[in-house]
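> here is the input, now give the coordinates:
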Amino acid sequence: MFKITPNPPATDSIPHDPALDPQKLKEAADRALNYYLNPAALKETPRKPSTLFCITPGADHETLLANACESMASASVMASDFADGMMGAQRSKMLALQQIIMLGELAVNRMLDNVDPQS
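Predicted coordinates:
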């Protein structure tokens, strides 16, 4: 009986790219293996939050809620304006988004009403 493939099959050698850093390849392989085989190893490095947009840690609740309310009111108006220029299913989706924003705004307003301002 004739065997179609050689024993072992011939393989093309993979050319070595000098631009690839072996250390970086090892680190990438280790991260990939840890992701699938040892997820606990990935939790060792603490998350570093971005400092591009930050809120002062000492900001009081009333100020934060007031700003959130104003932001949501602006987003609601923008979504409503976008919906005016749309037709059909796109308009319905935009109006649904506007309604979700408005419900969030109402919740923030209620929370703002419940906040006891510290005088």
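
> contacts and neighbour counts: CA atoms only from here.
Fine.

> ok, which stretches of this protein are strands?
For the chain, applying DSSP state E gives no strands.

> show me where pLDDT drops low in it?
Residue ranges of the chain with pLDDT under 70: 1-3, 5-6, 8-16, 41-45, 116-119.

> longest helix of it?
For the chain, the helix that runs over the most residues, judged by DSSP state H, is helix 88-114.

> helices or strands up against that helix?
Helices and strands touching helix 88-114, by 3 or more C-alpha pairs under 8 Å, 6 or more residues apart in numbering; DSSP states H and E, are helix 61-84.

> would you mark the buried spots in the helix it packs on?
By 16 or more other C-alpha atoms under 10 Å, the buried positions in helix 61-84 come out as 62, 65, 68-69, 72-73, 75-76, 79-80, 83.

> picking that back up, now do the longest helix of the chain against helix 61-84, angle only.
Comparing the axes of helix 88-114 and helix 61-84 via axes from the mean of the first three to the mean of the last three C-alpha atoms, to 10 degrees yields an angle of 160 degrees.

> could you number the chain from 756 rather than 1 from now on?
Understood, numbering begins at 756; the last thing we discussed is helix 843-869.

> pull out the buried positions in helix 843-869.
Quick answer for helix 843-869 (16+ other C-alpha under 10 Å): 846, 849-850, 852-853, 856-857, 859-860, 863-864, 867.

> tabulate the buried residues of helix 816-839 (a markdown table), appending distance to C809.
Putting these into a markdown table (distance: C-alpha to C-alpha, whole Å) gives the following:
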| residue | distance to C809 |
| --- | --- |
| E817 | 17 |
| L820 | 15 |
| A823 | 14 |
| C824 | 18 |
| M827 | 18 |
| A828 | 21 |
| A830 | 20 |
| S831 | 23 |
| A834 | 25 |
| S835 | 28 |
| A838 | 31 |
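
> understood, closing this out.
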